[in-house]
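Enquirer: fold the following for me, if possible:
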Amino acid sequence: MEPFAKASREKIHAVLLAGLRDADLRPGDRRLRYVLTPRLGRKVLRDAYLPAIAELTPAEVLDLGADTGHLGAGDAVANLAALHEDRLLRPGEYALVLNAGAGFTWSCLVVGAGD
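Expert: Next up is the predicted model:
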C-alpha cells in the first residue's frame, strides 16, 4: 500500500495543481469551495486522497460515492451531475473534481458556477 499511497499523493498533487493553474486559481483561493473525490473505497480515500488534498487546499472534500460505489470513468460524470442537480456551487465558486482510472491515471476537472 505504501508505494501506491506515495504515487497517488504525487499524482493527486500534480493534477490538482495543474487544474488550479489552468483555471487561474490558487490552492487557498476562497472561491474554491469543494474538492470531489473519485467514488473509491473509504480506505483508499482515507490513506491516499484525503491527506494529499489536505496538504494543498482547505476546500471542503466531498465523497459522494456512498450510494453508488465506484463507477469507473463514470465517477467524474456522477460528481458533475450532483454538483449541478444539488446546486452545490454558488455564483463565483469553484470545485475540483478528481478522478482516477485504470492503469493508474489521475485527472482533475475545474468547474465553476457562473456569476
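Enquirer: show me where this protein has helices.
Expert: Using DSSP state H, the helices of the chain run over residues 2-22, 42-44, 50-56, 74-85.
Enquirer: which parts of the first one are buried?
Expert: Of the residues in helix 2-22, those buried under the neighbour-count criterion (16 or more other CB atoms under 10 Å) are Ser8, Arg9, Lys11, Ile12, His13, Val15, Leu16, Gly19, Leu20. Backbone N, C-alpha and C define where each C-beta goes, glycine included.
Enquirer: cool, and the last one?
Expert: Applying a neighbour-count criterion of 16+ other CB under 10 Å, the buried positions in helix 74-85 are Asp75, Ala76, Ala78, Asn79, Leu83.
Enquirer: run through the residues that contact the residue minimising distance to the centre of the chain.
Expert: Centroid-nearest residue in the chain, with CA atoms, centre = their mean: Leu98, separated by 3.1 Å. For Leu98, the contact set (CB atoms under 8 Å, 6 or more residues apart in numbering) comprises Ile12, Val15, Leu16, Val35, Leu36, Thr37, Pro38, Tyr49, Ile53, Trp106, Ser107, Cys108.
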